[in-house]
Each structure stands twice: as C-alpha cells, then as structure tokens.
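Chemist: okay, predicted coordinates and the sequence, questions at the end:
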Amino acid sequence: MHGDPMMWVAGVRALYLQALHPRAVRGVLQNSDFRRDAWGRLMRTAHFVGTTTYGTTEAAERAGARVRKIHSMLSATDPETGETYGIDEPELLLWVHCAEIDSYLHVLRRSGFRLTDAQADRYIAEHRESARLVGLAPEAVPSGRRELAAYFDKVRPELAAGAEAREVDDFLLRPPTHPLLVPAREVLWRRVAHLAYASLPPYAHELYGRPAPPPATVTRRLRATGTLLRCVPARVRWQLPPKHILRAMARLGADSRPAPYKVGR
C-alpha cells in the first residue's frame with residue numbers, strides 16, 4: 001500500500017484531519033518551522049514512514065527512538081488557560097496516529113486500491129507496531145475498522161477548526177515556494193490539496209466551514225487520479241526521494257518488489 005502514488009494525497013488528508021485537534025495542532029505550530037521548511041518537514045515524515053515500512057527492524061527501532069526523544073523535549077502552551085503540556089501525551093500521539101492510518105486506508109481504497117475488509121483490518125492492526133515506535137502502548141491503539149470508527153466517534157467532540165487549523169489550511173492551499181514555481185503550485189499542488197480536503201469526512205468540512213463536492217464526485221476524482229498516477233511506471237515513481245523501496249529491493253532481492261497483486265496472495 002505504501003508504494004502506491006495516492007499516498008501523497010492521503011498524507012495531505014492526514015494533515016487536514018490532524019489540524020482539527022486543537023491541542024495536537026498547537027504542539028506542531030509552537031515547535032515547528034514548517035512554513036519556512038515545508039519540504040524538509042515533509043521529507044522527514046516520509047523518511048520515518050519509509051523506514052518503518054521498508055527498513056530493517058534495527059533501523060525502525062532507531063527511528064522510533066529518535067522520534068520519542070525529540071517529542072520528550074517539546075511542549076506547548078494553551079494561550080487561553082496558560083496550561084503547558086508535553087506533545088508526547090498519549091492522547092495526542094494516538095490522534096496523530098489514527099488520523100494518519102485512517103487517511104492512508106481511506107484514500108487508497110476509495111481511489112481503487114483493492115483491499116477486502118479483512119485486509120483493511122489487518123493493515124490497521126499491523127500499524128499498532130508503528131504506534132509502539134512513537135511511544136504508544138499497542139493495546140491502547142485501534143486494531144480494526146470498528147475500533148478505529150469508535151475512536152473517531154469518541155474524540156469528535158474535542159475537534160474544532162481554530163486559528164491554528166486555519167493556518168494549516170492556508171498553508172496547505174498556498175505553501176511557500178520559489179516565485180518561478182508558483183504557477184505549478186496553482187495548477188498541480190492546489191488540485192492535490194483540494195482533492196485531499198474533499199476526501200475528508202463530512203464533519204471535517206463542517207468544522208472548516210468550506211463545502212466539498214458530493215461524495216460520488218469525490219470518489220470519481222480519486223479513482224481518476226489514482227488511475228492516472230498508477231500509469232507512471234513504479235520504477236520511475238520510486239526514484240523520488242527518499243527511495244526506501246529501491247533500497248529494500250536491493251537488500252532483499254527483486255522478488256520483494258511491492259505490487260498490488262501480492263495483497264491477494
């Protein structure tokens with residue numbers, strides 16, 4: 001799944017969803033220079049996901065330890081109450097994790113990546129291991145679609161589109177870029193951002209206060225985009241950094257090449 005090109009759209013959806021948790025997004029904005037180093041932050045996230053997916057067990061453990069150490073040193077402050085809290089609070093880590101996994105699974109399935117419900121449950125369960133790497137107790141993390149849905153139902157009253165979420169929304173629509181690349185941003189990136197936003201659940205559209213096309217229209221666009229991107233040869237797509245898939249194939253052999261048909265075996 002993680003070798004599929006629609007993961008880029010799914011990643012942007014995850015950012016939109018994560019920004020709706022006030023305490024979580026505040027922790028990001030108060031400890032990040034993402035506006036000045038958007039590409040660097042994106043690549044660090046891609047590197048972590050790539051390492052935990054395609055790297056060795058030792059590399060994944062090192063990446064997790066590094067993330068836990070960084071998080072343990074960071075805190076955020078609620079401007080209204082003055083409360084200071086660590087950004088490694090389990091409830092915040094759980095929100096970020098669930099928003100990511102839900103987005104990856106939702107976008108890929110809706111765009112035509114074939115998975116049975118049982119396989120979707122397996123995917124969610126497997127990611128309890130990635131949750132452990134960032135500091136969560138695996139038994140406290142949803143292990144299937146029903147548990148994931150129940151989690152979102154439970155946390156929904158805590159969500160809001162405050163000033164921080166609006167800032168993320170504005171950033172995702174107009175990320176800083178070189179003046180010569182502004183036309184490309186308007187033509188290409190904005191389409192990705194709009195598609196990712198449209199794929200959010202209805203309650204997210206309500207919170208952001210910006211409507212989305214009808215669900216059937218969004219599904220058609222996701223399928224069309226997925227079909228188009230999957231026409232690009234995998235070997236070409238995988239040349240983009242951080243190249244974890246190519247390194248894994250070099251280590252494990254050509255038979256380890258990720259391919260959707262292998263899911264059904």
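Modeler: Yep, it's here. Keep in mind it's a predicted model, so treat the numbers as computed, not measured.
Chemist: all helices of the stretch 101-250 of the chain, in order?
Modeler: In the stretch 101-250 of the chain, the segments counted as helices under DSSP state H, counting those that start in this stretch are 117-126, 128-133, 145-155, 163-173, 182-184, 190-198, 202-208, 215-229, 234-237, 244-252.
Chemist: can you tell which of the ones you listed is closest to Ser103?
Modeler: helix 190-198 (8.2 Å; CB to CB). For glycine as for every other residue, the C-beta is placed from the backbone atoms N, C-alpha and C.
Chemist: got the end-to-end distance for stretch 247-258?
Modeler: Across stretch 247-258, the terminal residues are separated by 12 Å (CA to CA, to the nearest Å).
Chemist: now find how far off-centre the lowest-mean-pLDDT helix or strand in the chain is within its chain.
Modeler: Lowest on mean pLDDT, DSSP states H and E among the helices and strands of the chain sits helix 182-184, with a mean of 77. Its chain's C-alpha centre lies 24 Å from the corresponding centre of helix 182-184 when counted by CA atoms, centre = their mean, to the nearest Å.
Chemist: got the contact list for it?
Modeler: Residues outside helix 182-184 that contact it (CB atoms under 8 Å, 6 or more residues apart in numbering): none.
Chemist: now Gly86, what are its backbone angles?
Modeler: With angles defined as degrees, to the nearest 10, Gly86 sits at phi -80, psi 140.
Chemist: so how many other residues sit close to the nearest residue to it once chain neighbours are set aside?
Modeler: Leaving aside its chain neighbours, Gly86 sits nearest to Ser75 (5.2 Å; criterion: CB to CB, 6 or more residues apart in numbering). Using other CB atoms under 10 Å, Ser75 has 15 neighbouring residues.
Chemist: Ser75 and Gln119: what is the separation?
Modeler: Note on Ser75: its distance to Gln119, by CB to CB, to the nearest Å, is 39 Å.
Chemist: cool, and Gly11?
Modeler: According to CB to CB, Gly11 stands 21 Å off from Gln119.
Chemist: just Glu80 next, same as before
Modeler: From Glu80 across to Gln119, the span is 44 Å (CB to CB).
Chemist: out of these two, which sits in the busier spot?
Modeler: Gln119 (15 against 7).
Chemist: residues in contact with that one?
Modeler: Contacts of Gln119 (CB under 8 Å, 6+ apart): Val263.
Chemist: mind redoing it with 10 Å?
Modeler: Counting by CB atoms under 10 Å, 6 or more residues apart in numbering, Gln119 makes contact with 1, 105, 109, 263-264.
Chemist: let me see the backbone angles for the residue nearest to Gly86.
Modeler: phi -140, psi 170.
Chemist: wait, doesn't it sit right on Leu92?
Modeler: No - checked against CB atoms under 10 Å, the pair Ser75 and Leu92 is beyond contact range at 11.2 Å.
Chemist: which neighbours do these two share?
Modeler: 27, 85-86.
Chemist: could you identify the buried members of the residues you listed?
Modeler: Applying 16 or more other CB atoms under 10 Å to these, the neighbour count classes Gly27 as buried.
Chemist: could the shared contacts of Ser75 and Leu92 go into a markdown table alongside distance to Arg66 and pLDDT?
Modeler: Converted to a markdown table, these look like this (distance: CB to CB, whole Å; pLDDT from 0 to 100):
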| residue | distance to Arg66 | pLDDT |
| --- | --- | --- |
| Gly27 | 17 | 93 |
| Tyr85 | 22 | 97 |
| Gly86 | 17 | 96 |
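Chemist: dump the shared contacts of Ser75 and Leu92 into TSV; add distance to Cys231 as well.
Modeler: Listed next are those as TSV, based on distance: CB to CB, whole Å:
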residue	distance to Cys231
Gly27	39
Tyr85	46
Gly86	45
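Chemist: closest one to Glu206 out of the shared contacts of Ser75 and Leu92, please.
Modeler: Proximity of those to Glu206 was ranked by CB to CB; the top entry is Gly27 with 23.9 Å.
Chemist: measure the closest one to His21 for me?
Modeler: Using CB to CB, Gly27 is found at 9 Å from His21.
Chemist: out of the shared contacts of Ser75 and Leu92, which is nearest to Leu148?
Modeler: Closest to Leu148, out of all of those and judged by CB to CB, is Gly27, at 22.1 Å.
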